[in-house]
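[1] got a predicted model here, sequence first, then my questions.
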Amino acid sequence: MADMQKISDTLIAGKVEDLKKLVQQAIDEGTGASEILNQALMPGMDVVGERMENGDMFIPEVLMSAKAMSGTLEILKPLLTPEESKSAGKVIIGTVKGDLHDIGKNLVAMMLESAGYEVVNRGVDIAPESFVEAVKKHEAQVVALSALLTTTMPQMQKTIAALKESGLKDQVKVIVGGAPVTEKYAKEIGAEGYAPDAGSANKLVKSLMH
Ligand code: B12
């Protein structure tokens, strides 16, 4: 029987290679891919999210855990049945027009991917029209906007306006984040959600998907 706790702990510790070995070993011993995912990896990422929210884990550590998770997903994906590997939902993410900061946005994207969402990462300096186009193309349920500059925050509102104009706003929920963004600002511009960090972004998306 595979040691699920050990797999979980190794993920939380961000030991990429050790985790891959443990997961491969568990598979070789006959443990199901979905069992490893649901009993060891997902609960492990939940712990990472909580620790990040509480300030008990910092960005570089969270990045290592997210990387470790992505590494094992590559091993597990081909072993999951289509039903098991079905995405929990689709999220378009990008940094708004005029803004080139992407470290936090990529961290949010990685955490969402680890939680089973299909994430379309559009990159940086994304104009409102490009977000609209992406929502249309990918039929996403959530659009996640990142801004790190007070001067680019208004682009979030412009993106929401563009989604409304194109008639897509009823189909998607918009969430916003980035260091200068606040819950209050999110409400003011009509976004459905705000999260202060990548750990709570996962919870936020989960709550909006239902
Ligand atoms: C790294 C950095 C850069 C790098 C960016 C590299 C890159 N690839 O991202 C470079 C050097 C390119 C850069 C450039 C500039 N920068 Co700069 N930069 C920073 C710095 C030091 C760190 C940002 C960062 O990565 N933080 C770490 C990540 C993990 O945190 P985060 O981004 O906040 O993300 C977390 C949360 O906010 C949240 N989150 C983020 N996005 C989203 C999205 C959603 C949907 C959700 C739910 C959550 C969420 O989750 C993340 C993870 O927990 C900050 C200072 C700071 N301490 O924030 C300045 C800072 C943001 N930069 C600043 C400035 C002024 C600039 C420049 C204008 C400087 C210049 N004169 O050229 C340019 C602008 C370039 C541009 N057009 O974008 C100012 C902004 C001031 C302001 N309030 O407007 C800051 C605050 C520095 C300062 N104190 O003056 N910068």
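    Everything's here; your move.
[2] hey, where'd the strands end up in the protein?
    90-95, 118-121, 142-146, 173-177, 193-194 (DSSP state E).
[3] which of those is buried the deepest?
    strand 142-146 (a mean of 28; mean count of other Cβ atoms under 10 Å). (Glycine included, C-beta is placed from N, CA and C.)
[4] ok, and does that strand reach over to the ligand?
    Yes. Judged by Cβ under 6 Å from any ligand atom, strand 142-146 comes into contact with the ligand at A144, L145, S146.
[5] relative orientation of that strand and strand 90-95 in degrees?
    20 degrees (axes from the mean of the first three to the mean of the last three Cα atoms, to 10 degrees).
[6] neighbouring contacts of strand 142-146?
    Residues outside strand 142-146 that contact it (Cβ atoms under 8 Å, 6 or more residues apart in numbering): 89-96, 99, 101-102, 104-105, 108-109, 112, 131, 134-135, 155-156, 159, 163, 172-178, 191, 201, 205, 208-209.
[7] if you set the cut-off to 6 Å instead, what comes out?
    By Cβ atoms under 6 Å, 6 or more residues apart in numbering, the surrounding residues in contact with strand 142-146 are 91-93, 95-96, 105, 131, 156, 159, 172-178, 205.
[8] try stretch 147-165
    Around stretch 147-165, the neighbours that count as contacts under Cβ under 6 Å, 6+ apart are 96-99, 101, 128, 131-132, 145, 169, 174, 176, 178-180, 189-190.
[9] repeat that for stretch 20-34.
    Here stretch 20-34 has contacts from A2, I7, T10, I36, G71, T72, I75, L76, L79, L80, E84, using Cβ under 6 Å, 6+ apart.
[10] please name the nearest non-neighbouring residue to the last one.
    Once its chain neighbours are removed from consideration, E84 has its nearest residue in S34; the separation is 4.8 Å (Cβ to Cβ, 6 or more residues apart in numbering).
[11] inside helices: which ones of the contacts of stretch 20-34?
    I7, T10, I36, G71, T72, I75, L76 (DSSP state H).
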